[in-house]
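> 3D, please:
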Amino acid sequence: MVKRLFLFVFLLFSSITLLAQNRTITGSLFDGEVKEKVPFAVVQLLKMDSTYVVGATSDEGGNFKVTAPTNGRFILKASYVGYKTIFQNVTIANDQDVAIGQLDFQVDTHTLKEVKVVASAPKVVVKADTFQYNASAFRVTEGSTIEALVKKLPGAEVSDDGTIKINGKEVKKILINGKEFMTGDTKTALKNLPTSIIDKIKAYDQKSDLSRVTGIDDGNESTVLDFGVKAGMNKGFFSNIDLGIGTKHRYSEKAMAAYFNDKFRMMGFLSANNVNDMGFGGGPRGGWGGIRQGLNATKMVGLNMNYDNGKTLQWDGSVRWNHSDGDLNTRVSIENFVASQGSYANRRSQEYTRENSWDGRFRLEWKPDSMWNIMFRPNIRLSKSDGQVVSKSAAYNTDPYESVDDPLSATAIAQLEAQGVMVNNQHNTTISYGDNNALGAMIQVNRRLSQNGRNVTLRVDGDYSDSDSKTFSTQDLQYFQLRDALGNYKTYRAYRYNLMPTKSWDYALQATYSEPLARKTYLQFSYQFKYGFSKSDRDTYDFSSLPSGTFGSLKPAYRSWDNYLCLLTNPLASYLDSNLSRYSEYRTYTHDMQVMLRMLHTKWKMNVGMKLQPQHSTYMQDYLGVHVDNKRSVVNWSPTFDFRYKFNAQSNLRINYNGAVSQPSMTQLLDIVDNTDPQNISKGNPNLKPAFTNKFRLFYNAFRQKHAQSVMTFADFSTTRNAIGNSVTYDGTTGARTVQPVNVNGNWDANAAVMFNTSIDSAGVWNVNTFTRGSFNRYASYLQQNVTSAVEKNITKSLTLGERLSASYRTSWLELALDGSVDYTHSKNNLQSLNNLSTWQFSYGGSLIFSLPWNMSLSTDLHQNSRRGYNDAALNTNELLWNAQLSQSLLAGNALTLSLQFYDILHQQSNLSRTISAVNRTDTEYNSINSYIMFRATYRLNLFGGKNAPKPKDRGFGRPNSNMPPPPPGGGAMGGGRPPMGGPGGF
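Purely as a prediction, here's the structure:
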């Protein structure tokens with residue numbers, strides 16, 4: 001009996017053991033030189049003839065697991081960008097598991113020719129609150145700058161002016177390998193760093209200097225993009241020259257050089273172009289991205305340096321010179337929400353601008369020992385700017401587009417005048433000049449008092465600025481609803497010359513202290529005193545008494561004051577108007593006191609705090625014959641709450657709340673009517689109350705290893721009690737607006753988004769990305785048709801819904817992407833319900849990057865963009881946008897690349913933007929040159945040291961197959977919304 005029982009138990013455990021054998025292959029991946037784990041590498045199981053069987057990616061610890069479908073002999077392939085691919089023969093018999101053990105990667109750019117199967121790294125990996133994007137998973141044409149790469153990132157949004165948002169937050173800073181790069185200037189990095197040197201991109205919220213050192217959360221986080229340079233490229237010298245010449249007098253030239261070693265890094269840049277160099281086309285998310293606002297020619301010289309001895313000393317420094325010339329021609333259509341009747345306006349303007357600026361920044365961080373941290377940040381900025389504007393505008397009492405197509409033409413004005421629609425017509429010119437100089441510095445000293453988090457910090461900040469400005473303006477205005485004693489239309493003119501020097505300075509002294517209350521629990525205190533002073537002294541010379549047309553024969557030109565002043569009949573000093581001149585001084589004394597409880601646990605972190613801000617202000621002003629000397633003392637307060645929960649290493653929830661009191665400005669509280677511009681009259685309001693704003697934010701992200709699935713969602717909500725809005729009184733006979741600040745309730749806004757990215761197959765060849773977003777805004781204001789009518793509360797609501805969907809297929813020689821987007825906006829106004837608008841913007845199409853034999857490549861994209869619902873029928877368009885590029889690589893190591901780029905081949909792209917506020921809706925169309933051909937020549941030189949340096953024969957980092965020609969060089973992804981402007985070339 002005992003023998004039978006023993007036999008039964010033996011057979012049972014044997015069966016369980018056999019069932020537990022799943023032919024699973026396990027192992028771990030490491031960097032063979034530095035012995036670091038290699039996460040998210042692609043692992044594939046191949047048959048002996050190299051046919052793909054199954055695949056996976058390594059986890060954060062570098063561990064991997066794949067399961068063979070049958071017994072037999074296989075090839076295990078492991079690959080990661082910048083490393084030699086690993087091949088390991090594996091034999092599975094009797095359904096046994098196989099433990100490979102540790103496999104070491106060797107850094108190299110040369111991939112084996114024998115294997116044709118290609119897998120892609122996961123596009124995005126989420127770790128806690130950090131999004132890490134694999135640069136190799138986003139194919140851009142060779143020679144692109146990181147600007148082209150950023151616009152392809154899931155969760156990225158790009159506005160018309162090139163502002164980048166990642167997961168709903170604006171990117172404030174660019175880092176290279178965690179080090180600061182051109183601090184305060186994100187565009188230099190985006191437009192000059194080549195994608196070919198980038199291995200990965202991290203997006204996260206970086207703490208301020210104070211918070212990072214002390215642990216005290218001061219609420220000054222900055223969203224950053226941190227670009228990691230590929231392994232093997234951190235030692236040596238590399239340079240790049242990219243020259244482009246095009247039709248329609250277009251040009252784009254860039255050059256850069258960099259030197260890296262273990263402790264020191266230096267990068268220099270030169271660039272000049274007149275193609276706006278925005279780089280943000282529709283890309284993989286369709287069109288309507290990157291509207292060109294005029295024609296811009298820019299020149300730039302920049303130098304960035306970093307030093308880190310790895311122990312006690314770090315410093316970063318940057319200096320740059322920028323020059324720009326602008327040519328902006330705009331056509332503007334405005335609907336003002338004025339009572340139930342409404343008012344309309346149109347404007348055309350031609351503006352020319354130029355600017356020269358120097359900017360220098362430095363950061364020094366010294367750690368004499370483990371207990372001290374000393375930081376110093378000086379900065380300086382010098383700039384001079386010029387501008388000249390000529391504009392023509394008109395106001396109407398009904399929608400002019402119901403009767404005419406061009407409301408500002410002489411024929412249309414005559415027709416609208418006969419119909420009684422015209423309110424006014426005016427012509428303006430302006431010449432301006434500004435000279436601005438600013439410098440500042442911060443020094444911070446932190447001392448740790450113990451190992452358990454007790455520390456004290458002293459910090460001093462100071463800033464100084466000095467500026468001078470000159471402005472000469474003319475305004476000629478004709479009224480169509482008012483007549484003089486002779487029965488002629490009334491007119492108004494204002495010819496003025498303003499000289500305004502301005503000085504300001506401020507300093508702040510701050511002390512912080514952190515006390516541990518218990519394990520992972522801290523009570524933190526902060527006190528700051530800040531003093532601010534500003535002074536302006538404007539002299540206004542009024543020439544309005546001169547005959548009409550005195551300056552009519554002159555055309556504005558930069559700094560052409562003498563051309564105007566020489567026409568004066570009396571000395572300049574005799575035209576000084578003491579009423580229009582303005583002198584003011586403003587002083588503030590602020591005490592910031594903050595207490596915060598900070599709790600840190602394995603799964604969650606929580607900050608709860610309160611800030612009190614007693615503030616005393618004095619304001620002195622002489623203006624319009626009135627002397628003002630006001631004083632004000634207020635107390636602001638602001639509660640904060642921040643909670644983060646970590647479900648696991650790849651899933652994170654964050655809930656944030658901020659409340660803040662904001663006081664009206666001293667000028668808003670002055671009981672003065674400023675009618676120096678009769679079309680835009682402002683009034684103060686001494687009865688204004690402080691506003692209190694509540695802001696809530698919820699953020700969640702997660703990552704699933706299988707199929708590299710990532711999801712992100714956020715929701716923001718903001719509401720303001722006693723918001724400072726405007727009460728607008730509209731004079732229907734003149735078109736003049738009188739604006740007075742008032743407290744309004746009912747202002748709130750909300751926005752939310754969901755992003756999902758996944759590869760369909762385990763090798764990551766097929767990928768799908770979706771980004772869904774929505775926003776709602778409610779604005780309140782008060783409107784009055786005229787001084788005798790009742791004041792009506794105006795509510796403007798705006799709803800925006802959008803969806804972007806893209807799918808891509810990628811191999812070593814081909815990338816095919818299909819994408820589409822739709823944006824719906826509905827604006828509703830309770831006083832003018834007949835003019836409620838619903839607009840649609842559609843975009844759909846695809847892009848192709850195709851590697852041809854003989855080191856040649858072709859890329860092209862085609863997108864259909866459509867608008868519907870705009871007030872001006874001419875703006876409801878269909879635009880078929882087609883871009884293409886053909887390139888050829890030459891010389892050893894493909895050091896020289898020649899390319900021919902075709903932008904907006906069908907000549908159909910336009911530039912339009914719409915904005916909606918509490919008081920009006922504005923549509924603006926800009927001038928641009930969208931269609932042209934560009935020829936590019938890109939030459940690169942790489943001199944890397946060390947055993948991991950790429951060899952001259954190497955084809956470049958991340959190439960999945962060395963016997964295939966490279967992608968083409970040049971201007972980034974050829975997005976549907978706008979042709980890219982190229983980059984500094986490939987490395």
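> can we go C-alpha only for contacts and neighbour counts from here?
Noted.
> quick one: average pLDDT of stretch 62-73?
Across stretch 62-73, pLDDT averages out at 87.
> just stretch 31-49 next, same as before
Stretch 31-49 comes out at a mean pLDDT of 79.
> CA-only coordinates of it in CSV, if you can.
Extracted in CSV, the C-alpha atoms of stretch 31-49 (Å, rounded to 0.1, in the frame of the first residue of the first chain):
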residue,chain,number,x,y,z
ASP,A,31,26.0,46.7,-21.5
GLY,A,32,29.2,44.7,-21.8
GLU,A,33,31.4,47.7,-21.0
VAL,A,34,29.7,49.5,-18.1
LYS,A,35,27.8,46.4,-16.9
GLU,A,36,24.5,48.3,-16.8
LYS,A,37,21.1,46.7,-17.5
VAL,A,38,19.7,47.3,-21.0
PRO,A,39,15.9,47.7,-20.7
PHE,A,40,13.4,47.6,-23.5
ALA,A,41,15.7,45.9,-26.0
VAL,A,42,14.0,43.9,-28.7
VAL,A,43,14.3,40.1,-28.3
GLN,A,44,13.3,37.7,-31.1
LEU,A,45,13.2,34.0,-31.6
LEU,A,46,14.0,33.0,-35.2
LYS,A,47,14.0,29.7,-37.0
MET,A,48,17.4,28.4,-38.3
ASP,A,49,16.5,30.0,-41.7
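> Please identify the buried residues of that stretch?
Neighbour-count burial for stretch 31-49 flags 31-32, 37-47 (criterion: 16 or more other CA atoms under 10 Å).
> can you list contacts of it?
28-30, 52-64, 66, 68, 73-80, 104-107, 119-122, 763 (CA atoms under 8 Å, 6 or more residues apart in numbering).
> Turn the buried residues of stretch 31-49 into a markdown table, including distance to residue 665 and secondary structure.
Output for the buried residues of stretch 31-49, formatted as a markdown table (distance: CA to CA, whole Å; DSSP: H, G, I helix; E, B strand; the rest coil):
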| residue | distance to residue 665 | secondary structure |
| --- | --- | --- |
| 31 | 58 | strand |
| 32 | 62 | coil |
| 37 | 55 | strand |
| 38 | 55 | coil |
| 39 | 53 | coil |
| 40 | 53 | coil |
| 41 | 56 | coil |
| 42 | 58 | strand |
| 43 | 61 | strand |
| 44 | 64 | strand |
| 45 | 68 | strand |
| 46 | 70 | strand |
| 47 | 74 | coil |
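> For stretch 123-130, what is the spacing between the initial and final residues?
14 Å (CA to CA, to the nearest Å).
> quick one on the thing from earlier: give the single residue among the buried residues of stretch 31-49 positioned nearest to residue 606.
residue 39 (29.2 Å; CA to CA).
> and the closest one, how far is that from residue 400?
In terms of CA to CA, residue 39 sits 63 Å off from residue 400.
> Which residue, other than its chain neighbours, is closest to residue 325?
Among residues not flanking residue 325 along the chain, residue 354 sits closest, at 4.4 Å (CA to CA, 6 or more residues apart in numbering).
> so what's that neighbour up against?
Contacts of residue 354 (CA under 8 Å, 6+ apart): 323, 324, 325, 326, 385, 386, 387.
> Surely the fifth one is in a helix?
Yep, that's residue 385 we're talking about. No. Counting by DSSP: H, G, I helix; E, B strand; the rest coil, residue 385 falls outside a helix, being strand.
> what's the host helix or strand of residue 267 in contact with?
For residue 267, the host element (DSSP states H and E) is strand 264-273. With contact meaning CA under 8 Å, 6+ apart, strand 264-273 is reached by 192, 250-260, 297-308.
> can you rerun that using 7 Å?
Strand 264-273 is contacted from outside by 251-260, 297-308, using CA atoms under 7 Å, 6 or more residues apart in numbering.
> quick one: strands adjacent to that strand?
Sheet pairing of strand 264-273 (DSSP bridges) gives strand 251-260 (antiparallel), strand 295-308 (antiparallel).
> Out of the ones you listed, the one nearest residue 521 is which?
strand 295-308 (32.3 Å).
> and the next element down the chain from that closest one?
Scanning onward from strand 295-308 (DSSP H and E), the first element met is strand 313-336.
> Can you tell me the strand partners of the following helix or strand past that following strand and which way each runs?
With elements assigned by DSSP H and E, the helix or strand that comes after strand 313-336 is strand 343-366. Applying DSSP bridges to the sheet, strand 343-366 is found paired with strand 313-336 (antiparallel), strand 372-396 (antiparallel).
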